[in-house]
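Colleague: sequence first, predicted coordinates after that:
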Amino acid sequence: MNSFLDHPAVSDFDISNYVGLRGANFYLKDTSLQRVVNRAFQDLSNDEFSAISLHLTGYGELVGGILDELTEACHKEGKYGEIRNYDKTGKRIDEVVYCPEQRESRKISYDYGIVNLDFHPEWKFPFRSIHRYALAYLNNLNGEGGVACPLAMTDGLILALKEIGTEEQKSKYLPLLAGKGSKSHFMAGQYVTERVGGSNVSANRTTAKQRSDGKWILNGEKWFCSNPGDLWVTTGRIEGTSTIGLFLVPRFKENGELNGHHILRKKDIIGSRGKVTVEIIYRDLEAETLGRPNHGIANLIRYIISVSRLHVGLGACGNSKRAVMEAICYSNWRTAYGKKIKDFHAFQMQLAEMQIQQVALTWVNFRSISLLEENQPVTEMLVPLMKLISSSKATELTQKAMLCLGGNGIIGDFSPLPRLHNDSIINETWEGTHLIISDHIIHAMRKKKVRDSFFETIEKLSSKAESLQNCKQAITWLRNQTNSIKESFELEAKEWQDLNRIWIAKELYNCFAVAELLEQYSFDQEEVIHLFLQGFLESLSNGKDAPKHKTSIFFNIESLEKMISY
């Protein structure tokens with residue numbers, strides 16, 4: 001041998017040139033998302049449908065290409081955002097400094113219009129919700145990335161300004177948050193949580209006192225301040241009352257001075273590290289009310305929290321989609337014991353089970369958006385439900401995907417999976433942990449109009465499949481399960497409901513998922529969708545880890561391959 005490099009032990013092997021999904025068009029690779037878009041917009045004019053398809057395809061190319069590269073580059077030690085409290089003269093500036101790769105990533109997505117396409121004069125069509133949230137979903141295929149959380153908060157604040165902002169606030173702040181060419185790339189924040197509690201906003205100790213000129217002065221502290229930037233929403237107790245107000249805060253006063261706040265420190269969070277989260281003190285902070293002062297908590301939930309929960313659901317769904325894609329991609333490269341790991345039956349079954357869960361998750365998430373557009377009462381329950389289910393399933397699926405890669409799955413610079421997994425855990429916490437969010441779900445379902453809307457929606461989604469012979473088992477399961485849910489709310493005591501809130505939430509989702517799969521199959525009776533339905537139902541009936549019967553679809557290699565390649 002001329003060199004040790006010629007030794008067989010260090011020669012190239014099966015994954016020597018492995019790059020994962022880098023360079024793929026993430027929209028064109030996502031058949032389930034394309035189906036959502038194609039069905040949602042099938043009645044639009046050819047010009048509008050073509051424009052939406054091209055816009056999503058273009059963003060899919062960016063997400064799988066340059067944005068994937070930039071996200072990886074800015075998630076390394078020495079590249080995370082840092083706090084700069086003072087300038088070189090000792091003047092207090094309290095700003096966050098991001099690396100060039102993070103700033104470029106935000107700029108590309110902002111300029112592409114993923115939150116503000118309706119502010120681009122060249123876009124001649126409405127910025128429809130399915131289009132908007134398909135872009136957000138695609139963005140999350142790279143994880144939170146320092147963009148997804150700021151995107152959610154910017155989206156929520158834009159909506160709040162449109163709906164409850166004064167004309168002066170709209171003209172002053174919408175160009176900053178959404179205007180084409182703005183230099184503020186997703187720099188809206190959300191400062192609500194205090195040390196005394198997060199979800200219990202009514203416990204806020206920050207005080208708000210109105211000045212004679214109409215401005216409000218806030219004093220207190222905020223414990224989780226996500227994405228410190230140009231403008232943020234915050235809460236405070238109106239002095240002398242028990243009312244919590246919702247306020248709009250610019251970073252600088254009208255005279256150019258730093259508004260009355262000081263950043264204390266950066267949070268050491270296990271995930272979502274691309275954007276900075278800090279602790280802040282308010283000292284005579286100038287603010288203005290957003291909406292009526294006595295409607296603070298109601299407006300916070302309706303516009304800010306609800307939009308954030310939508311983004312968490314879709315974001316977690318995007319995280320899990322990338323995880324499943326990475327596991328499938330790796331299985332096409334890696335060999336073990338003389339054959340590709342994708343050719344091991346047990347491995348195929350695991351990939352198919354992951355695909356089934358992820359496809360159902362995608363379709364139910366986008367169904368919630370359609371129902372929200374229709375102002376269906378069931379969304380009062382469904383939006384928090386999908387936040388809970390999507391985030392918990394994303395944590396499960398990202399972990400499984402990591403295990404599919406073996407030892408390589410836990411290496412941070414081999415794939416995005418460890419980062420996606422940590423981001424998923426953050427999503428489980430953000431906007432309400434499981435017990436908090438399930439309480440909101442139970443509270444919504446106790447309202448007759450929400451329950452009625454739930455049962456009507458399930459009936460509507462599944463009605464066309466009732467005449468299909470191969471859907472009889474699923475229809476029977478669905479009817480039995482909806483009757484069980486009805487009994488849970490009409491016959492059981494509140495204490496029983498509270499103690500079983502997580503189980504109830506999961507059963508609500510399972511009903512929605514089965515009904516959605518039935519609707520999707522009855523639309524065009526595509527074979528692979530029936531396989532998804534069978535697989536999902538089998539996991540519910542027998543348990544995910546129960547032995548597979550010889551009649552199971554999981555014994556059929558051809559069926560597994562069809563689901564994996566969908």
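Modeller: That came through, no problem.
Colleague: when you work out contacts or count neighbours from here on, use the C-alpha atoms and nothing else.
Modeller: Will do.
Colleague: longest strand in the protein, by number of residues?
Modeller: strand 277-289 (DSSP state E).
Colleague: if you count neighbours, what's buried in the helix or strand residue 101 falls within?
Modeller: In the assignment (DSSP states H and E), residue 101 maps to helix 100-112. The neighbour-count criterion (16 or more other Cα atoms under 10 Å) identifies 101, 102, 103, 104, 105, 106, 107, 108, 109, 110, 111, 112 as the buried residues of helix 100-112.
Colleague: make JSON lines from those residues and add distance to residue 21 and pLDDT to it.
Modeller: Formatted as JSON lines, the buried residues of helix 100-112 follow (distance: Cα to Cα, whole Å; pLDDT from 0 to 100):
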{"residue": "101", "distance to residue 21": "20", "pLDDT": "98"}
{"residue": "102", "distance to residue 21": "20", "pLDDT": "97"}
{"residue": "103", "distance to residue 21": "23", "pLDDT": "96"}
{"residue": "104", "distance to residue 21": "21", "pLDDT": "97"}
{"residue": "105", "distance to residue 21": "18", "pLDDT": "97"}
{"residue": "106", "distance to residue 21": "21", "pLDDT": "96"}
{"residue": "107", "distance to residue 21": "23", "pLDDT": "97"}
{"residue": "108", "distance to residue 21": "20", "pLDDT": "97"}
{"residue": "109", "distance to residue 21": "19", "pLDDT": "97"}
{"residue": "110", "distance to residue 21": "23", "pLDDT": "97"}
{"residue": "111", "distance to residue 21": "24", "pLDDT": "97"}
{"residue": "112", "distance to residue 21": "22", "pLDDT": "98"}
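Colleague: by contact count, what packs against the longest strand of the chain?
Modeller: Using 3 or more Cα pairs under 8 Å, 6 or more residues apart in numbering; DSSP states H and E, the elements in contact with strand 277-289 are strand 216-226, strand 244-250, strand 261-266.
Colleague: shaky segments in the chain?
Modeller: 1-2 (pLDDT under 70).
Colleague: hmm, back to that, any idea which of the helices and strands packed on strand 277-289 is most buried?
Modeller: strand 244-250 (a mean of 24; mean count of other Cα atoms under 10 Å).
Colleague: parallel or antiparallel, list what pairs with it.
Modeller: According to DSSP bridges, strand 244-250 forms sheet pairs with strand 231-238 (antiparallel), strand 277-289 (antiparallel).
Colleague: if we can go back for a sec, kindly export the helix holding residue 101 (C-alpha atoms) in PDB.
Modeller: Only the C-alpha atoms of helix 100-112 are listed here, as PDB (Å, rounded to 0.1, in the frame of the first residue of the first chain):
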ATOM      1  CA  PRO A 100     -25.200  37.000   8.700                       C
ATOM      2  CA  GLU A 101     -26.600  33.600   7.900                       C
ATOM      3  CA  GLN A 102     -29.600  34.000  10.200                       C
ATOM      4  CA  ARG A 103     -30.300  37.500   8.900                       C
ATOM      5  CA  GLU A 104     -30.100  36.300   5.300                       C
ATOM      6  CA  SER A 105     -32.400  33.400   6.000                       C
ATOM      7  CA  ARG A 106     -35.000  35.700   7.500                       C
ATOM      8  CA  LYS A 107     -34.700  38.200   4.600                       C
ATOM      9  CA  ILE A 108     -35.100  35.500   1.900                       C
ATOM     10  CA  SER A 109     -38.400  34.200   3.400                       C
ATOM     11  CA  TYR A 110     -39.700  37.700   4.200                       C
ATOM     12  CA  ASP A 111     -39.000  39.000   0.700                       C
ATOM     13  CA  TYR A 112     -40.600  35.900  -0.800                       C
END
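Colleague: take the strands paired with strand 244-250 and write them to TSV, including mean neighbour count and distance to residue 521.
Modeller: As requested, the strands paired with strand 244-250 are arranged in TSV below (neighbours: other Cα atoms under 10 Å; distance: least, Cα to Cα, whole Å):
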stretch	mean neighbour count	distance to residue 521
strand 231-238	25	43
strand 277-289	21	43
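Colleague: which residues of the chain fall in strands?
Modeller: Under DSSP E, the chain gives strands at 82-86, 92-97, 188-191, 207-210, 216-226, 231-238, 244-250, 261-266, 277-289, 335-336, 339-340.
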